[in-house]
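Colleague: Based on what follows, work out the 3D shape:
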Amino acid sequence: MSSLSFIPVTASHLPVLVALHRECFARLDEEGGLCLGEVWARDAMTDMLAMPSTFAQVLQEGDEPIGFLMVQVLFEAADLLTLGVVPSRRCAGMGGALLDRAMGLGSEKGSKRLTLEVACDNKAALALYRSKGFQEIGRRTGYFRRPNAVACDALVLAKALTDIAMFSDEGLR
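Modeller: Residues are numbered from 1 along each chain as shown. Coordinates of the predicted model:
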């Protein structure tokens, strides 16, 4: 396995981030056509990254981008805006590494809690978040739309960031 590294996202990384987000969140609809329901538009990413409170990183294996995270920190609260791992690298600990990094970034910036929203039918993500100690604190009814226009609730999860040190890069380079 090649070495892993986190790369802070700058404006020059935007095309990579947009492509990764699309690869991670695009789905096929019932007729086999591409559905971009949860894929962020380039302008939305540009706007988020322009905010001084938003931080994004790409996870690379060697020179290949395989995942990403985006966190917004406002005072004592951090929000995991998006996190994804390319399908070919899922179930290999990459999501956990990204989530650890997001918690570390939030803690490093002074946040006391990290919150996130996840589709109630995303069993893999829910298992990851729960394994890291996230608890459900709310629900947004009909927040996500599936390809067949069926609404899916978002679960709002949170975890206290007390005693979380910045995720170490040791072993990732």
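
Colleague: partners of the most centrally placed residue in the chain in the sheet?
Modeller: Residue closest to the average C-alpha location in the chain (CA atoms, centre = their mean): residue 83, at 1.2 Å. Taking DSSP bridges as the rule, residue 83 bridges to residue 69.

Colleague: ok, it - contacts?
Modeller: Shown in contact with residue 83 (CB atoms under 8 Å, 6 or more residues apart in numbering): 67-70, 95, 98-99, 102, 116. Quick note: C-beta positions are derived from backbone N, CA and C, even for glycine.

Colleague: Need the mean per-residue confidence for stretch 46-55.
Modeller: The pLDDT scores in stretch 46-55 average 86.

Colleague: Need the contact partners of it.
Modeller: Residues from elsewhere that reach stretch 46-55, judged by CB under 8 Å, 6+ apart: 8-9, 11, 14, 56, 70-74, 81, 105, 109.

Colleague: Ok, stretch 112-120 next?
Modeller: 38, 71, 76-80, 83, 102-103, 106, 125-126, 129, 134, 137, 139-140, 143-144, 152-162.

Colleague: and if we set it to 7 Å?
Modeller: Residues outside stretch 112-120 that contact it (CB atoms under 7 Å, 6 or more residues apart in numbering) are 76-80, 102-103, 106, 125-126, 129, 140, 143-144, 152-162.

Colleague: Name only those of the residues you listed that count as buried.
Modeller: 77-80, 102-103, 106, 125-126, 129, 143-144, 152-159, 161 (16 or more other CB atoms under 10 Å).

Colleague: helix/strand/coil for residue 97?
Modeller: Look at residue 97: counting by DSSP: H, G, I helix; E, B strand; the rest coil, its state is helix.

Colleague: Sounds good, over and out.
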